[in-house]
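Trainee: Give me a model of this one.
(chains A and B)
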Amino acid sequence: MALKEEFSSRWGIILASLGMAVGAGNLWRFPRLAGQYGGTFLILWIFFLIIWSIPILLAEFSIGKKFRKGVIGSFAGVAGARLTWMGFFIALCTLGITFYYSVVTSWSLQYLGFSIQNLYIETTQDLTLTERLIANPELLKNHWDDVANANIFTIILHIIAVIAGITLLYKGIQQGLEKANKILIPSLFIMLIIISIVALNMENGVKGLDYMFTIKPELFGNARIWIEALSQSAWSTGAGWGLIMTISSYSREKEDVTLNTFVGSFGNNTASILAGIAILPSVFALAESEEAAISFLQSGNQSLTFTVIPQLFAEFTGGAVLAVIFFTAFFMAAFSSFLPMLELLIKIIGDTGLNRHKASVRAGVFCVLFGFPSAYSLNFFNNQDWVWGIGLIISGLFIVFAALKYGVKSFKKEFIDTDSDFKISSNYFVTCLSINIVLGIILIYWWMSQGYSQYPWFNEAGNWNVFDVYSNASILTQWLIVIIIGITLNRWIYKTFTR
Amino acid sequence: MSVSGLISMIFICSVVVGGFIYLLLLAIKKEKDNHSN
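Mentor: Numbers count the residues shown, from 1 in each chain, chains lettered A, B, ... in the order given. The predicted structure follows:
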């Protein structure tokens, strides 16, 4: 018996879709890519929103709404009992991310505390972070290394983030998720607008906008930009994660699939543009030179957020306040995405016949336990991010496969068009899903051939390199373990999660 | 800011942010229509 609840209104489900999609990636990955590749990247990113993300989200939303079960049960509903293992893979893949996402929330809280502490020191002791950085240039790097590895506060805050999420969701969809999003999402947008206004008023701030928006036609010939744009759209909108499938399982009986999906998708991209306008002008205004600004943007997600931004914000009057606002926004983005991930697990456990309260407590225990290794070790975190981040492309392909297997035109008519106020063209939907199979395969091949690991398959001794953070051997091993378990226990999984 | 940068900014923001606002207003209208029916 699935958990029987529903959102109180259309706004509840739209805010939940926005909360799900607007996460850490909007704040730490999007501005990095937009600053490096400019308007060319943005055009391709919008193109892939239409081609990859929206068709998959439409399929997911409609499947959840139709079957009203968790990811495993709903996927089995559309693909058939024999392919339940695919739904199991989608669920496990997103749970792989859920288990470390509480750690991202934990880091955001750590840095919110750090920025409040800096603000306090600045006002009481008249000692700015910049002055402390002159005395100890490695201060921020050391702080990040300390936070990310075997830090007791990170572990405690990881547990607190899980407990806070479970406490909210324990109350149910309307009293928990819906109420939380009514506060988190508008506040997040307001904070991003405040930072954008301050950043644009800095000297040279507008230069960041120039870098972000200028289209360089010659860059369209660069394959990397196409891949980065497709990856950013796929990861940021939540297409293929099964999260929107979970959210829509609580939709009202006659909920509009098409319009709500479009609002959520364009809302996510609007939040990304706002994050770019908030961060890039600051980076370009406060870096010593344009080369230094570009080098900051190439330094990686975690480095940009946790070492570069605090350093840059420390360089101007009022920067300490802005840092507090930025990390509050970062926490809200991370937490609003973490909630639907927790709900995905609660819904799946609820499908076994447990009520919301019991399912919530079990989900909390799982998240605390399985999130612990990532809270303890940055290498473990990075490995899980790598393995399940690429795994999401497989999840997206499984959803495309389910729609194709059902018959795309029948799927659109019976799943998507019902109750939708405006209808997308059948040709658009069929074409995009077909193209997505090729795009998904290219993406997986591209990311696995990037050579982030020195020994992608076998280590120096000739052994299967499964314990390397970024090795293909590690990716393939973890995926295969999940797939083999799923196929072996397919019948049991189907019976257990489709009650 | 360069002219080409400004033109691209206006175009990209119109599509993304303008699209979001338009869709949101459309959703508000549809919701009102549904309530009045």
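Trainee: where does chain B have low pLDDT?
Mentor: Within chain B, the ranges that satisfy pLDDT under 70 run B:37.
Trainee: who in it is up against chain A?
Mentor: Proximity of chain B to chain A (CB under 8 Å from any CB of the partner chain) is limited to residues B:1-2, B:4-6, B:8-9, B:12-13, B:15-17, B:19-20, B:23-24, B:26-27, B:30-31. Bear in mind the C-beta positions are built from the backbone N, C-alpha and C, glycine included.
Trainee: A:Asn382: neighbour count?
Mentor: Neighbours of A:Asn382 under the rule other CB atoms under 10 Å in any protein chain shown: 17.
Trainee: my bad, A:Gln450
Mentor: 12.
Trainee: my read is it is in a helix, agree?
Mentor: No. Under DSSP: H, G, I helix; E, B strand; the rest coil, A:Gln450 falls outside any helix and is assigned coil.
Trainee: Which of the residues of chain B next to chain A fall in helices?
Mentor: Among those, DSSP state H puts B:4-6, B:8-9, B:12-13, B:19-20, B:23-24, B:26-27, B:30-31 in helices.
Trainee: burial of A:Phe422, as a residue count?
Mentor: Residues near A:Phe422, counting by other CB under 10 Å, number 12.
Trainee: number of nearby residues for the nearest residue to A:Tyr100 once chain neighbours are set aside?
Mentor: Leaving aside its sequence neighbours, A:Tyr100 sits nearest to A:Ser374 (CB to CB, 6 or more residues apart in numbering or on different chains; 3.7 Å). Look at A:Ser374: counted by other CB under 10 Å, it has 26 neighbours.
Trainee: Give me the buried entries from the ones in helices among the residues of chain B next to chain A.
Mentor: Neighbour counting over those (16 or more other CB atoms under 10 Å in any protein chain shown) leaves B:Gly5, B:Ser8, B:Met9, B:Ile12, B:Cys13, B:Gly19, B:Phe20, B:Leu23, B:Leu24, B:Ala27, B:Glu31 as the buried ones.
Trainee: tell me the contacts of the fourth one?
Mentor: Pointing back at B:Ile12 there. When contacts are counted by CB atoms under 8 Å, 6 or more residues apart in numbering or on different chains, B:Ile12 touches A:Gly39, A:Leu42, A:Ile43, A:Ile46, A:Phe213, A:Ile273.
Trainee: same thing with the fifth one?
Mentor: Contacts here follow CB under 8 Å, 6+ apart; on that basis B:Cys13 touches A:Ile273.
Trainee: go on, the second one?
Mentor: The contact partners of B:Ser8, by CB under 8 Å, 6+ apart, come to A:Gly39, A:Leu42, A:Phe213, A:Thr214, A:Ile215.
Trainee: Check the third one too.
Mentor: By CB under 8 Å, 6+ apart, B:Met9 lies in contact with A:Gly39, A:Leu209, A:Met212, A:Phe213, B:Met1.
Trainee: Quick one: name the residues of the stretch 301-450 of chain A near chain B.
Mentor: The stretch 301-450 of chain A comes close to chain B at residues A:Asp421, as judged by CB under 8 Å from any CB.
Trainee: For the residue in the stretch 301-450 of chain A that chain B sits nearest to, give me phi and psi.
Mentor: The minimum distance from the stretch 301-450 of chain A to chain B, using CB to the nearest CB, falls at A:Asp421 (5.0 Å). The phi/psi pair for A:Asp421 (degrees, to the nearest 10) reads phi -70, psi -40.
Trainee: Repeat that for A:Phe458.
Mentor: According to degrees, to the nearest 10, A:Phe458 has phi -120, psi 140.
Trainee: Could you say which helix or strand holds A:Lys423?
Mentor: In the assignment (DSSP states H and E), A:Lys423 maps to no helix and no strand.
Trainee: what's the burial count for the residue nearest to it when sequence neighbours are not counted?
Mentor: Distance criterion CB to CB, 6+ apart; nearest residue to A:Lys423, sequence neighbours excluded, is A:Asp417 at 5.2 Å. Residues within reach of A:Asp417, counting by other CB under 10 Å, total 16.
Trainee: Look at A:Asp417 and report its pLDDT.
Mentor: A:Asp417 is assigned 95 on the pLDDT scale.
Trainee: these two touch, right, the residue of the stretch 301-450 of chain A closest to chain B and A:Phe262?
Mentor: No. With contacts counted by CB atoms under 8 Å, A:Asp421 stays clear of A:Phe262, the gap being 10.7 Å.
Trainee: thought A:Val324 was touching A:Gln117?
Mentor: No. Counting by CB under 8 Å, A:Val324 does not reach A:Gln117; the two are 10.0 Å apart.
Trainee: Those two - which one has more neighbours?
Mentor: A:Val324 (20 against 12).
Trainee: before we move on, which element is that one in?
Mentor: Using DSSP H and E, A:Val324 falls in helix A:319-350.
Trainee: ok, now A:Glu315?
Mentor: Per DSSP H and E, there is no helix or strand for A:Glu315.
Trainee: burial of it, as a residue count?
Mentor: As a burial measure, A:Glu315 scores 17 neighbours (other CB under 10 Å).
Trainee: which residues does it contact?
Mentor: Neighbours of A:Glu315 in contact, by CB under 8 Å, 6+ apart: A:Thr130, A:Leu286.
Trainee: Return the distance of it relative to A:Gly208.
Mentor: Per CB to CB, to the nearest Å, A:Glu315 is found 15 Å from A:Gly208.
Trainee: can you pull the buried residues of stretch A:479-498?
Mentor: Buried, per 16+ other CB under 10 Å, within stretch A:479-498: A:Trp479, A:Val482, A:Ile483, A:Gly486, A:Ile487, A:Asn490, A:Ile493, A:Tyr494, A:Thr496, A:Phe497, A:Thr498.
Trainee: Which of the helices or strands spans the second one?
Mentor: Which is A:Val482. Per DSSP H and E: A:Val482 is located in helix A:472-488.
Trainee: Run the chain-centre distance for that helix.
Mentor: 22 Å (CA atoms, centre = their mean, to the nearest Å).
Trainee: Give me the residues contacting it.
Mentor: A:84-86, A:88-89, A:92-93, A:96, A:383, A:386-387, A:390-391, A:394, A:448, A:453, A:456-458, A:464-468, A:493.
Trainee: looking only at pLDDT, what's the mean for that helix?
Mentor: 97.
Trainee: contacting residues for the closest residue to A:Trp241 other than its chain neighbours?
Mentor: Spatial nearest neighbour of A:Trp241, excluding adjacent residues (CB to CB, 6+ apart): A:Thr94 at 4.9 Å. By CB under 8 Å, 6+ apart, A:Thr94 lies in contact with A:Val71, A:Trp241, A:Gly242, A:Leu243, A:Met341, A:Leu344, A:Trp388, A:Leu392, A:Ser395.
Trainee: what's the helix or strand for residue 34?
Mentor: If you meant another chain, say so; for now it's chain A. Remark: A:Ala34 resides in helix A:30-48, with elements defined by DSSP H and E.
Trainee: was after chain B, sorry
Mentor: Taking DSSP H and E as the definition, B:Asn34 sits inside helix B:19-36.
Trainee: Just the CA atoms of that helix, as PDB, please.
Mentor: The C-alpha coordinates for helix B:19-36 follow below in PDB (Å, rounded to 0.1, in the frame of the first residue of the first chain):
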ATOM      1  CA  GLY B  19      10.100  32.000 -20.600                       C
ATOM      2  CA  PHE B  20       9.900  31.200 -16.900                       C
ATOM      3  CA  ILE B  21       7.800  34.300 -16.100                       C
ATOM      4  CA  TYR B  22       5.500  33.600 -19.100                       C
ATOM      5  CA  LEU B  23       5.000  30.000 -18.100                       C
ATOM      6  CA  LEU B  24       4.400  31.000 -14.400                       C
ATOM      7  CA  LEU B  25       1.800  33.500 -15.400                       C
ATOM      8  CA  LEU B  26       0.100  30.900 -17.700                       C
ATOM      9  CA  ALA B  27       0.000  28.500 -14.800                       C
ATOM     10  CA  ILE B  28      -1.600  31.200 -12.600                       C
ATOM     11  CA  LYS B  29      -4.200  31.900 -15.300                       C
ATOM     12  CA  LYS B  30      -5.000  28.200 -15.800                       C
ATOM     13  CA  GLU B  31      -5.300  27.600 -12.000                       C
ATOM     14  CA  LYS B  32      -7.700  30.500 -11.800                       C
ATOM     15  CA  ASP B  33      -9.800  29.200 -14.700                       C
ATOM     16  CA  ASN B  34      -9.900  25.800 -13.100                       C
ATOM     17  CA  HIS B  35     -11.100  27.200  -9.800                       C
ATOM     18  CA  SER B  36     -13.800  29.300 -11.500                       C
END
